[in-house]
Every structure is written in C-alpha cells, then in structure tokens.
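Chemist: Structure of the sequence below:
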Amino acid sequence: MDHPKDLDAKQKDVDHDHEVVSDGESVRIAELVQEEQEHQIKYRTCSWQKTAALLFSEYICLAILSFPWSFSVLGMALGVVITILMAAIVLYTSLILWRFCLKHPEVRDVCDIGRILFGGSDLAYNLTAIFFFFNNTFIQALHVLVGAKLLNTLSNGARCTIIFSVVSAVICFFFTLPRTLEQMSFIGIFSAVTMGLAVLLAIIFSGIQGNPFGFSEALGAPLVTAGPPPGTTFVTGMSAFLNITYTLVGQITLPSFIAEMKNPKEFPKALWAVTIAEVVVFTICGAVMYHYIGFQYMTAPAFGSLTTTYKKVAFSFAIPTIVFLGSLYSSVTSRFIFFRIFENSHHRHSNTFVAWATWTAIVGFTWILAFVIAEVIPFFSDMLSLMSSIFDSWFGFIFWGMAYLTLYPGETKWHGAGRSLETVFNWSLIVLGLYMLVAGTYVSIQSIIDSYHANAVGSAFSCASNAL
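Modeler: Numbers count the residues shown, from 1 in each chain. Alright, predicted model coming up:
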C-alpha cells in the first residue's frame, strides 16, 4: 500500500503533468494559427465575441416558442425547474467539451472526438460521422418545412407548400456559401436580434390580445397548473421534457466553433453569455405565454395561439433565424465533408475554382437532401424527435461523460471528495443519456403510431398548406 506521502507526491506529479499539457496546448494552438497565416482562407479567426454570436444564433431560435407548449404539458413549476436544470447540465457538459478540445487542439469537429473517445477507432469515427451528418441534415429539413410554414402563414396558403419549401431551401443555400464561420457570425448577430424581437412580440401579443386564438366558451378561460394537468400521459409528458432538453442540447456544433477560434481558451466567455440569456428568455417565454394562453389553447410553436394579425407580425421577425440557423448547420456539415475531401490539399485553404466548385456542390447536396427528407416523410415532426433521441443522447450527454473520464484517467478521477463526486456525476450523465436514448425512442415511435391512428399524418410531397 502506498504511503500517504507517496500519494501526495503522485498527486503533485499529476498536477505538474496537467501544467505541462496546458503549456503544450498553448504552443500547439499558436502553431495551428500560425500555419494559416500564408493561406488565402484562414479558418482560425473567430474572436470569442463572434463565437458568442454564432452561439446566440443557434440557441435563440424558433424552438423557444415551443417552450410554452412544454410548460402547458408539464405545468408551470415543473417546466421552469426542468428548463433551469437542463440548461445547467448543458453548460457543464459544454465546459467539459471545451476542456477536451483544449487538450486535443487538432480536433476539427465532433467526429474527431468520437474517434478519440473510443481509442482511435475508425469505426467509432465513421459512426459518429453518420450521426453527425443526419442530425444536421434533419435540422436543415426542419428549417425547410418551417420556412414553408412561415410563407404559407403570411400568404394565407396562396401557393403549394412544395414551392414554398423549394424557395426556403434555395434561400438557405445562398446563405451557406461563405466558407468560414467568422463570415457567418455577422449574419448570426442579426438573426439572434430579430428572433429576440419575435419572442418579445409574441409574449406581448399573448398578453394584450384578449382571448387566445381558438377561444370558445365551452373550453372557458385559459387554465394554468403548477404540475401536469389532468389527463397528461407518459408519452405527452416525456415529449414535453424531451422538447426542452433537445432545444437546449447543442453541443454537436461546439467543437466546430472552437476549432475556428483564434484563442479557444476564451470560449467560456461566449458560453456563459449565451447560457444566461437562454435561461432568462426561455423561462420567461414559456411561463408568460402559458399564463395568458392556458393549456386548452396552446400550440407549438406558440405563434399559432395568437390571433391572426399578431401571429403574422411576430412570426415574420423569425425569417432571419429560419434562414440562418439552417444555413449554419449546413455549413458545419459541408465543412466536415470539404475537409475530408481536401485533407492534405492546398484547395482546402485556397480560392481556387476546384475548391469553390466543390464547396458549392457539397452545400447544394446538403440542401437537396434536406428538401427531400422534409417532403418525403409525412410524420416529419415525430421522425425528428426520433432522430433527436438517437443522436442527442450521445452528443448531449454520453460523449461528455466519457470525455470527463478520459480527461482524468485511472485513479486520478477519484482523488479527493470533490473529484470523486464529479466522477459519479459524469457516470450519471452517461446513464441519463442511455435513458433518453431508450425512453425517447419509445415515446417517438409511440407518437408516430398515435398520429396514424388519429389520421393526423399527411402525404409525401403534399401541396396542402401547413400554415399556423
């Protein structure tokens, strides 16, 4: 058995090793930035402020307007508690992710992390890449459909939904063409501001409109409960919980953001800023709109619970976010493919015809595929929930519990009471991720079955209006 003094010496050695690694990280990051100085296109150029703009554009999104629905299912008190709790967990896991990226500055995206976590396995890398690609493409498809929904709502369904979907995909395609995230960050600021205005208007309109859209004397005045209202089932309750969770989970893009920062050590500044903002905005939006609309008249997104004029005015401010956020996910996916094609080629960082033609073709491919997925799946909303259960359980929880265990190998993870408690917490994150994988998959499949039984499923490539 080791003598206590020997254990102290080992702990000092561990701490010293971490200090050496930290110095090595700084040197390696500086080398990676310096390597790009002679390149025509430089990727590691984002300040923490520009990274914050990208984060704000990702999190301050249309999904905020689904929080009132989640609150109406879970109840006011439970909805607030879950929102704050999940935001705190996502903040913690994002900081673990950041520390992991600092330790491995060569990481370009979450696929590289998948390879490292599973011992350099090519199989793990390829499976992570598949998850990564389809997760992002389904989010793009969502924005194709939401863009069509917006145009249908504003025009009273004056055109075939397929045409509006094509228009949405084409517009998003052009906004995806910039090859660096720094170039996109400026649009991200505008996107976050206008989405914030959309949320603010929706909250105000819900309070001044009198009765919510669809009001009837039979259903009565809006009702609000602290807990789940009577009749709430496991499927609907779990769906509301997953809706909050999947909106807050966004770590899949963070390695790509960190990889394009001039100084990745400043990433926590951007992360804390967006986390504080999202907790405030998400909670206020969910609570206030639920208070005025009640569970009888609630829709998702909550724009649908506003009367016609208010609905159109508030929804129109979401246009930049619908376009930009889909473009951001397409850009991250396209960059992954582009870097793999030109792994060791000068085209990767040059303004050559081959580089731009390839980039444009990749971006176009992602949007064509997103359009097809959006139109060919008549139960897209439930399918998106299913995909989120499969992907976000890994990218939101399991990966980062594993990353923590990798950062503290062997006995180092049990040094001291604090470190031991943190280790147990990270094991619980892995268990939580596995639960969400199983429960979320079950709930999503059951929801698809229920939709078919209720004849609530449309047809593929339908012209029918999907307006709010």
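Chemist: Counting by contacts, list what the longest helix seen in the chain packs against.
Modeler: Identified as the longest helix of the chain according to DSSP state H is helix 416-453. Under the contact definition 3 or more CB pairs under 8 Å, 6 or more residues apart in numbering; DSSP states H and E, helix 416-453 sits against helix 76-103, helix 234-248, helix 380-393, helix 399-407. Backbone N, C-alpha and C define where each C-beta goes, glycine included.
Chemist: and the angle from it to helix 380-393?
Modeler: 160 degrees (axes from the mean of the first three to the mean of the last three CA atoms, to 10 degrees).
Chemist: Report the residue spans of the stretch 51-200 of the chain with pLDDT below the cut-off.
Modeler: By pLDDT under 70, the weakly predicted segments of the stretch 51-200 of the chain are 157-158.
Chemist: can you give me the helices in it?
Modeler: 67-74, 76-103, 110-117, 122-155, 161-175, 181-208 (DSSP state H, counting those that start in this stretch).
Chemist: Please state the offset of the first one from the chain centre?
Modeler: Averaging C-alpha positions (CA atoms, centre = their mean, to the nearest Å) puts helix 67-74 19 Å from its chain's average.
Chemist: now for that helix, which elements pack on it?
Modeler: Other elements packing on helix 67-74 under the criterion 3+ CB pairs under 8 Å, 6+ apart are helix 76-103, helix 234-248, helix 267-293.
Chemist: The longest one too?
Modeler: For helix 122-155, the elements it packs on are helix 110-117, helix 161-175, helix 308-316, helix 319-341, helix 353-376, helix 380-393, judged by 3+ CB pairs under 8 Å, 6+ apart.
Chemist: closest one to Ala52 among these?
Modeler: Ala52 lies closest to helix 319-341 among the helices and strands packed on helix 122-155, at 13.9 Å (CB to CB).
Chemist: can you pull the buried residues of the closest one?
Modeler: Buried residues in helix 319-341, counted by 16 or more other CB atoms under 10 Å: 319-339.
Chemist: So what angle separates the directions of that helix and helix 110-117?
Modeler: Using the same axes, to 10 degrees: helix 319-341 against helix 110-117 is 50 degrees.
Chemist: taking the mean pLDDT, what do you get for helix 319-341?
Modeler: Mean pLDDT, computed over helix 319-341, is 94.
Chemist: what's the angle between it and helix 353-376?
Modeler: 130 degrees.
Chemist: quick check: angle from helix 319-341 to helix 308-316?
Modeler: Angle of helix 319-341 versus helix 308-316, following the same axes, to 10 degrees, is 30 degrees.
Chemist: where does Arg108 sit relative to Pro255, distance-wise?
Modeler: 7 Å (CB to CB, to the nearest Å).
Chemist: who has more neighbours, those two?
Modeler: Pro255 (21 against 18; other CB atoms under 10 Å).
Chemist: Tell me if I am right that that one is in a helix.
Modeler: Yes: checked against DSSP: H, G, I helix; E, B strand; the rest coil, Pro255 lies within a helix.
Chemist: Show residues contacting stretch 162-170.
Modeler: By CB atoms under 8 Å, 6 or more residues apart in numbering, the residues outside stretch 162-170 that reach it are 143-148, 151-152, 322-323, 326, 367-368, 370-371, 374-375, 461-463.
Chemist: Is there a quick PyMOL command that grabs whichever of those residues are buried?
Modeler: A single PyMOL command selects the buried members of the contacts of stretch 162-170 (16+ other CB under 10 Å):
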select buried, resi 143+144+145+146+147+148+151+152+322+323+326+367+370+371+374+375
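Chemist: Spit out the contact partners of Val73.
Modeler: So Val73 contacts Pro228, Pro229, Thr232, Thr236, Gly237, Ser239, Ala240, Phe295 (CB under 8 Å, 6+ apart).
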